[in-house]
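In: Have a look; sequence and predicted model below, questions after that.
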Amino acid sequence: MTLPPLKDRIPMISIPVNESIRQAMRAIDRGAIGFALLTEPENGRFVGLVTDGDIRRALLKGLGMESPVSEVPRPGSQSASVHTPPEEIAAMFSEFLRVVPLLDAAGKVVDLAIFDPRVRLPVAEPILGEKELQYVSECVLTGWVSSAGKFVTRFEAMFAEFCEARHAVATSNGTTALHLALLALEIGPGDEVIVPSLTFIATANAVLYTGAQPVLVDSEPDTWNIDPAKVKAAITPQTKAIIPVHLYGHPADMGALREIADRHGLAIIEDAAEAHGARYNDRPVGGLGEIGIFSFYGNKIITTGEGGMVVTNRDDLAEKVRILRDHGMSPDKRYWHRVLGYNYRMTNLQAALGVAQMERIESLLAKKKEIAAAYSAGLAGIPGIELPPQMSWAENVYWLYSIIIDPQVFGCSRDDLMNHLKQVDIETRPLFPPIHQQPIYNTGQSLPVAERLSENGLSLPSAVTLKLEDVARIVEAIKKASCQ
Ligand SMILES: Cc1ncc(COP(=O)(O)O)c(C=O)c1O
């Protein structure tokens, strides 16, 4: 049976408010859109909207099938005049309000405005499905919800294999992973660590947590990543390590950095928070330095809600990270603490999500590349747009497909373009403000490449839920903005 269009289903799903819950459920079934419209018995005027969820909750609280539906609490009930402008209706929608009945002058429902999640195109959005639900439910049903449990070890093993590294140690988030990586290398007060200024603040903050000093350097114009020549110039006798960040999914120039690090006896800590699966000379990032870290925040390539991972090929560093992650407890004697440690463990619940996400990571990466190829094909040749880096030695995973605007050539500034796209429900994000300009650092340095990229760069919708026709819509919207 095919159902009539939404508008024509209004009579099928409308029932007088003095009817029973049973009648309301029948109306919901008839309409097959998850809710019924309640009306005044005398004149058919709209009273409220009841969803199947509202009814389930009311039944659990003790109402019966024959109770009047008027007794069901209806938190998401709102309506608007049929003459309300579409932008005003769009502003009414929220996570909890997905339907707005539209009323005529007599107060009767004549149409329905339904939130279409596809209208807004997000920068990032996780895909969480049946496997994620199954594994998380398994934790809930078995009671293994803290950091002990099979999913943590399984997730670590899968991730180590994915990075072609000997060890992976799961943590509560990417920032704690960075902190542990620095501590395992015994970096502390009096030491300096070289960090790109153009990155998320956590990269530098983790250095400060240890008491060491982050030394901020400029980016390369070709890769947007830490500039090896600037690293060389920033080395002092206090320098202990370099943290290259594989920004937005494109690897840093690891060969050049390795050479510098080896010459000066420095460690490399890869910040691969944004680059799961990216490759440098066909080797996966994360295991290329002494130690590396990843983030699994909700907007990352795979997510565990909050979560992180430390990756290393060195047995000694992996062991130190495990001890420091768990309050510094000795592996051979419980509740015995020789060093100051932390509670930076990942829960089994988070790892359950992680395992399910790892089972689909190849398809997520393929989707990212498909989206990027569609953007690059659509945007290539538009004057004033610089496409994301793609060096011959690198495999970019395009965590966020980001572009740089040359306002003079493009015809409008980055901020104007972002505003224009926002008006047509296309979400964007500016590139990170450089750390040397952030109030808590404010070093007074001039780092022109990072500043130019940050001022003129934006990330376009890169969620794996995007369709190719969405990318085409975005490209057209960008072209339109450039001609304004
Ligand atoms: C480059 C970089 N480093 C570190 C982090 C910190 O990760 P988390 O948010 O999981 O603490 C992030 C992310 O959010 C990041 O983008």
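Out: Right, received. Where do you want to start?

In: burial count for the nearest residue to residue 383 once chain neighbours are set aside?
Out: With sequence-adjacent residues excluded and distances taken as C-beta to C-beta, 6 or more residues apart in numbering, residue 383 is closest to residue 409, at 5.0 Å. C-beta here means a position set from N, CA and C on the backbone, and glycine is covered the same way. Residue 409 is flanked by 11 other residues according to other C-beta atoms under 10 Å.

In: What of the one 3 residues further on?
Out: A total of 17 residues lie near residue 412 under the criterion other C-beta under 10 Å.

In: Read off the pLDDT value for it.
Out: The model reports residue 412 with a pLDDT of 94.

In: ok, now which ones touch the most centrally placed residue in the chain?
Out: With distances taken as C-alpha atoms, centre = their mean, the residue of the chain nearest its centroid is residue 299 (0.3 Å). For residue 299, the contacting residues are 123, 124, 125, 126, by C-beta atoms under 8 Å, 6 or more residues apart in numbering.

In: Neighbour-wise, which one of those residues leads?
Out: Busiest of the contacts of residue 299 [other C-beta under 10 Å] is residue 126, holding 22 neighbours.

In: Name the helix or strand for that one, please.
Out: Assigned by DSSP states H and E, residue 126 belongs to neither a helix nor a strand.

In: three-state assignment of the residue lying closest to it once chain neighbours are set aside?
Out: Excluding its sequence neighbours, the residue lying closest to residue 126 (C-beta to C-beta, 6+ apart) is residue 303, at 4.7 Å. What DSSP: H, G, I helix; E, B strand; the rest coil gives for residue 303 is coil.

In: quick revisit: the ligand: which of the contacts of residue 299 is nearest?
Out: Using C-beta to the nearest ligand atom, residue 124 is the member of the contacts of residue 299 that lies nearest the ligand, at 10.9 Å.

In: That closest one belongs to a helix, doesn't it?
Out: No - applying three-state DSSP, one finds residue 124 to be coil, outside a helix.

In: Before we move on, what's the pLDDT of it?
Out: 95.

In: still on that earlier bit, does the residue nearest to residue 383 sit in a helix, a strand or a coil?
Out: Residue 409 - assigned by three-state DSSP - is helix.

In: I figured it hits residue 382, correct?
Out: No - at 9.5 Å, residue 409 and residue 382 do not qualify as touching, with contact defined as C-beta atoms under 8 Å.

In: ok, back up a step: give me the phi and psi for the residue nearest to the centre of the chain.
Out: With angles defined as degrees, to the nearest 10, residue 299 sits at phi -100, psi 0.

In: So in this structure, where's the weakest helix or strand by average pLDDT?
Out: Least confident helix or strand, the chain: helix 86-92 with a mean of 80, by mean pLDDT, DSSP states H and E.

In: ok, residues contacting it?
Out: Applying C-beta under 8 Å, 6+ apart, the contact partners of helix 86-92 are 78, 80, 100, 102, 113, 119.

In: Likewise for stretch 444-460?
Out: 123, 196-198, 216-221, 224, 227, 248, 375, 400-407, 413-414, 417-418, 426, 428-434, 436-437, 474.

In: Same check on stretch 333-350?
Out: 136, 139-140, 144-152, 155, 170-172, 176-177, 179-180, 296, 304-308, 323-330, 354.

In: cool, and stretch 94-101?
Out: Residues contacting stretch 94-101 (C-beta under 8 Å, 6+ apart): 35, 37, 46, 49, 75-76, 78-80, 89, 92-93, 109, 111-115.

In: Strands - which of those land there?
Out: 35, 37, 46, 49, 80, 109, 111, 112, 113, 114 (DSSP state E).

In: Kindly indicate the member of those with the most neighbours.
Out: Most surrounded of the ones in strands among the contacts of stretch 94-101: other C-beta under 10 Å gives residue 37, at 28 neighbours.

In: residues touching that one, list them.
Out: Counting by C-beta under 8 Å, 6+ apart, residue 37 touches 10, 13, 14, 15, 27, 46, 49, 101, 109.

In: Great, nothing more from me.
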